[in-house]
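*Asks:* This is a predicted model, with the sequence first.
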Amino acid sequence: MLITEAFAQTANGAAQTSDPTLMSFLPMIGILVIFYFLLIRPQTKRAKEQKEMQNGLQKGDEIVISGGELGRVVSAGDSYITMEIATGVEIIVLKSSVQTLLPKGTLKSVETGKSNRALKNSRQKAGESRQDEPEDNVTETSEVESSSAPSKQDSEKN
């Protein structure tokens, strides 16, 4: 009589253990689905857009490459582009190094802004006096410190 009860308990126990194991995997599966939609899918979408942008480069496009250089596309091949970074200065770079496609006219506004800042800085320097520069004070203090410190020769004489 005890043996039949033991078999009955084992059969019920086996049926109950299969459900909790499936239920214990559901949160893990849910986390993986969330992980896919929050991290993996947006990253692949961005990579696809980046690749389309790099393949769609044309002559005259203004770009930024991975090193931070700004330039204008002179010619585009299958895997390389020639870009002009200054008047008469052209470099050949990989298409995959292109990070951003800039709106038309960005380079001109950057160059204009740079020349305006340089002009503004030169005007400010012309109006400044030499009293604002602390360079003379720095050399005086270093001379005082070096003269007050005993030299190696003085210590050997004693």
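*Replies:* Perfect, I can see it now. Numbers count the residues shown, from 1 in each chain.
*Asks:* Helices of this structure, residue ranges please.
*Replies:* Per DSSP state H, the chain carries helices over the ranges 2-35, 41-55, 106-127, 135-148, 152-157.
*Asks:* For residue 64, give me its contacts.
*Replies:* 70, 98-100, 102 (C-beta atoms under 8 Å, 6 or more residues apart in numbering). Any C-beta I mention is one placed from the backbone N, CA and C, and that applies to glycine too.
*Asks:* Mean pLDDT lowest where, among the helices of the chain?
*Replies:* Lowest mean pLDDT within the helices of the chain: helix 135-148, a mean of 46.
*Asks:* top of the contacts of residue 64 by neighbour count?
*Replies:* Within the contacts of residue 64, most neighbours by other C-beta atoms under 10 Å means residue 98, with 22 neighbours.
*Asks:* That one is in contact with residue 62, isn't it?
*Replies:* No - the criterion here is C-beta atoms under 8 Å, and residue 98 misses it with residue 62 at 10.9 Å.
*Asks:* quick check, nearest of the contacts of residue 64 to residue 85?
*Replies:* residue 70 (7.1 Å; C-beta to C-beta).
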